[in-house]
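Peer 1: One predicted model, sequence on top.
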Amino acid sequence: MSPQEAGSSLAGVRYGRVNRLADRRGSFAELWRASTFGEIGLEDAGLPNARFVQANLSTSAQGVLRGLHYHRRQLDYWTVVGGRALVALVDVRPVVADPTRHAIVETRELGECETVTIPTGVAHGFLALEPLSLLYLVTNEYDGSDELGFAWDDPAVGVPWPVIPSRPDGRPTLSDRDSSNPTLLELVERLRGSQNRPR
């Protein structure tokens, strides 16, 4: 990861750029190094002594939208390895603390070799602006228990997704799960209800 990390208006979010060496044979890029990344704090990953334990590669056709996904116990580190994505980050920590407050939205276009670190409590999604390959490291092995989400087009959140010109209705291609997610407030109410239930 390059030392030229760019800031964010959302606490714990970091943008960066991977240095790539290229010549006529091809290229080489070091995508992540523990000593450069530094310690992963409790506020970043939602768990003490967190470390990256799983790496995933996601590919998406142009016009595919994945999100908005929300984790309570997982830090994500994304690297665009090919293509371009519009990344949307939604800080829902204020809403979880007090449902009368508003989520904070930040969008940024990321291209090849650009990175973003997404802490616990910041929902995330991306739209493939062209065929996309995204590598991501996470601090939790997948088991489904921390895979939450809310509607990509929730008007109360207001992510400024662009219209997809290649689609007659202008809407992105979604998974069944992403197309049936609740609103953010419905998700927060559900989470609050599960915390108040007797065990």
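Peer 2: Sure thing, it's come through. Numbers count the residues shown, from 1 in each chain.
Peer 1: how close does the residue lying closest to residue 190 once chain neighbours are set aside get to residue 145?
Peer 2: In space, and not counting its chain neighbours, residue 190 is closest to residue 182: 7.2 Å by C-beta to C-beta, 6 or more residues apart in numbering. Using the backbone N, CA and C atoms, a C-beta is placed for each residue, glycine as well. Counting by C-beta to C-beta, to the nearest Å, the separation of residue 182 from residue 145 is 17 Å.
Peer 1: Looking at the two, which has the bigger crowd around it?
Peer 2: Legend: neighbour count by other C-beta atoms under 10 Å for residue 182 and residue 145, higher for residue 182 (15 against 9).
Peer 1: Report the secondary structure element holding the residue nearest to the spatial centre of the chain.
Peer 2: Nearest to the geometric centre of the chain sits residue 124, at 3.3 Å (C-alpha atoms, centre = their mean). Per DSSP states H and E, residue 124 falls inside strand 122-128.
Peer 1: Could you give the separation of that strand from the chain centroid?
Peer 2: Centroid separation between strand 122-128 and its chain, computed with C-alpha atoms, centre = their mean, to the nearest Å, is 5 Å.
Peer 1: Check stretch 49-63 too.
Peer 2: Per C-alpha atoms, centre = their mean, the centroid offset for stretch 49-63 relative to its chain is 10 Å.
Peer 1: what's the answer for stretch 80-95, then?
Peer 2: Using C-alpha atoms, centre = their mean, the offset of stretch 80-95 from its chain centre is 4 Å.
Peer 1: what about it, how long is it end to end?
Peer 2: Taking C-alpha to C-alpha, to the nearest Å, stretch 80-95 runs 29 Å from one end to the other.
Peer 1: and what of stretch 35-50?
Peer 2: 15 Å.
Peer 1: now the strands: where do they sit in the protein?
Peer 2: 14-17, 20-23, 26-29, 54-60, 65-70, 76-82, 85-91, 104-110, 114-118, 122-128, 132-138, 148-149 (DSSP state E).
Peer 1: now for the ones you listed, which one comes closest to residue 163?
Peer 2: strand 122-128 (10.8 Å; C-beta to C-beta).
Peer 1: Which positions in that closest one come out as buried?
Peer 2: For strand 122-128, a neighbour-count test (16 or more other C-beta atoms under 10 Å) marks 122, 123, 124, 125, 126, 127, 128 as buried.
Peer 1: hmm, who's touching the longest helix along the chain?
Peer 2: Taking DSSP state H as the criterion, the chain has its longest helix at helix 184-196. Contacts to helix 184-196, defined as C-beta atoms under 8 Å, 6 or more residues apart in numbering, come from residues 70, 90, 92, 95-96, 99, 103, 123, 148-151, 154, 156-157, 181-182.
Peer 1: Repeat that for stretch 95-111.
Peer 2: With C-beta under 8 Å, 6+ apart as the test, stretch 95-111 has contacts from 8-10, 13, 15, 78, 80, 83-92, 94, 116, 121, 123, 129, 156-160, 184-185, 188-189, 191-192.
Peer 1: Just the buried ones among these, please.
Peer 2: By 16+ other C-beta under 10 Å, the contacts of stretch 95-111 give 8, 10, 13, 15, 78, 80, 83-92, 116, 121, 123, 129, 157, 159, 184, 188 as buried.
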